[in-house]
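> my questions are about this predicted structure, shown below with the sequence.
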Amino acid sequence: MAPDGLKDALGREMKDLRISVTDRCNFRCRYCMPLEQYEWIDRRQILSFEEITRLASLFVRLGVEEIRLTGGEPLMRHGLENLVSQLAGLEGLKDLSLTTNASLLGQKAGLLARAGLQRVNVSLDSINPQKFRDMTRRDYLSDVIAGLSTAAEAGLNPIKVNSVIERGINDGDILDLVEFSRSNGYWIRFIEYMDVGNSNNWISERMVSKQEILELINARYPLETIERADPSAPAVDYRFADGGGKAGVIASVTEPFCRGCTRARLTADGKLVLCLFADDSHDLKKLLRAGAGDDDILDSIRSAWESRRNRYSEERLEAMNSGAYEPGSRRKLEMISLGG
Ligand code: SAM
Ligand code: SF4
Ligand code: SF4
């Protein structure tokens, strides 16, 4: 429970914070990256490491226990290990992790682990070089695979491989990804393709459901359910019956978990966002740079959280079930600025 019992309007605590450290990315993933419509954040608006650490310490005072660094591609941010070491020293923080496309992880994993990073989630949607190129519009598969090994050697643990599955694109790669992860000791997590942002032309038919993914894996590698340690965690994890590690699915579309969503997001330019599908935000950088004291910033975060009512994924499922869902009907912030 948060120290001062901070709860949103639907009774949800604020326990985890995703910090986007940059909106820049060296990939152009088809399901994420708006190619034309996106205006990059002006560099002067990007929070410094000191500003991020100050805000993060205030979030921790309000009950945040887990911080994940993300982006854009977080490893594009120069000297990220310096931010990691500042955050790792925050009293009360229990978990510090990173989500990355891993193309630069081979150069950075040792530095990050020594700075206090605990674990890493790597996005990898195919181990077929041509498919990887089609999905990311880049040719970095061998760097990603090398980055994963370096992370394991550096002691980051567990290493989770996250794969977004899009029907007709990489649904034929599910078992290859399972085998790749099993043989290297990584945990594989499949993510249902979502209607993030405004430009990925999402239609529900392209989404491969948790049930389909599990049936496919289970037919080849039988799975056993694991008790959920944390009911607010988005992924439902399974263990391979033959002892070959773990697999999971993040079923944001077919089994939304808004009711247990304890996650706040901080954009690279210092805006607090209360939902992955939000179209509005609370400008904390403005307060910071106007010289606000800690109490004023704490009040601002507190009142934003207390008014939070977001439950987009549940509403989307309700609309899909009643035939009323219209993709693109709601304007949202872009994933690349929010950090997934
Ligand atoms: N660049 C880093 C990476 O790719 O891991 C971090 C940022 S990325 C926005 C965070 C996560 O969002 C990635 O795992 C990515 O696969 C996921 N993501 C992006 N677009 C998505 C979509 N349309 N549906 C589901 N997941 C998506
Ligand atoms: Fe970049 Fe990650 Fe988005 Fe791919 S998913 S374009 S790597 S931010
Ligand atoms: Fe949380 Fe919004 Fe996702 Fe629901 S849709 S789980 S409220 S981020």
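Looks like it came in fine. It should be emphasised that the depicted structure is a prediction, and the values quoted were computed from it without experimental measurement. Ligands and ions are numbered 1, 2, ... in the order given.
> the helix or strand harbouring residue 303 vs ligand 3: in contact?
In the assignment (DSSP states H and E), residue 303 maps to helix 294-306. No. Helix 294-306 lies out of reach of ligand 3 by C-beta under 6 Å from any ligand atom, never closer than 12.2 Å. The C-beta positions use only the backbone N, C-alpha and C, and glycine is treated the same way.
> list the helices and strands that helix packs on?
In terms of contacts (3 or more C-beta pairs under 8 Å, 6 or more residues apart in numbering; DSSP states H and E), helix 294-306 is packed against helix 49-61, strand 282-283, helix 284-289.
> what sits up against it?
Outside helix 294-306, the residues that touch it by C-beta atoms under 8 Å, 6 or more residues apart in numbering are 4, 6-9, 14, 55, 58-59, 61-62, 264, 272, 274, 282, 284, 287-288, 292.
> got it, and stretch 333-340?
With contacts defined as C-beta under 8 Å, 6+ apart, stretch 333-340 is touched by 18-20, 23, 25, 32-34, 38, 41, 70-72, 99, 196-199, 265, 267-268, 273, 276, 278-279, 281.
> just the element for the residue of the chain most remote from its centre, please.
What lies farthest from the middle of the chain is residue 291; by C-alpha atoms, centre = their mean that is 30.5 Å. Applying DSSP H and E as the criterion places residue 291 outside every helix and strand.
> list phi and psi for it.
Phi and psi for residue 291, reported as degrees, to the nearest 10, are phi 90, psi 20.
> kindly report the residues of the stretch 101-250 of the chain close to ligand 2.
101, 123.
> switch the cut-off to 5 Å
residue 101 (C-beta under 5 Å from any ligand atom).
> so which residues of the stretch 101-250 of the chain form helices?
With DSSP state H, counting those that start in this stretch as the criterion, the stretch 101-250 of the chain has helices at 105-115, 129-136, 141-153, 174-184, 210-220.
> the last one vs ligand 1: in contact?
No. Contact check for helix 210-220 against ligand 1, using C-beta under 5 Å from any ligand atom: none in range, with a minimum separation of 12.7 Å.
> buried residues in that helix, which are they?
210, 212-214, 216-217 (16 or more other C-beta atoms under 10 Å).
> likewise the shortest one?
Within helix 129-136, the residues that qualify as buried by neighbour count (16+ other C-beta under 10 Å) are 131-132, 135-136.
> possible to save these as CSV with pLDDT?
Below are the buried residues of helix 129-136 laid out as CSV (pLDDT from 0 to 100):
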residue, pLDDT
131, 96
132, 97
135, 94
136, 95
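> and which of those is nearest residue 107?
residue 136 (18.4 Å; C-beta to C-beta).
> which residue packs closest to the residue of the stretch 51-200 of the chain found nearest ligand 3, ignoring adjacent ones?
Closest approach of the stretch 51-200 of the chain to ligand 3 (C-beta to the nearest ligand atom) occurs at residue 194, with a separation of 8.8 Å. In this structure, residue 194 finds its nearest non-sequential neighbour in residue 252, 5.5 Å apart by C-beta to C-beta, 6 or more residues apart in numbering.
> ok so, going back, give me the buried subset of the contacts of stretch 333-340.
Buried among the contacts of stretch 333-340 by 16+ other C-beta under 10 Å: 18-20, 23, 25, 32-34, 41, 70-72, 99, 196-199, 265, 267-268, 273, 276, 278, 281.
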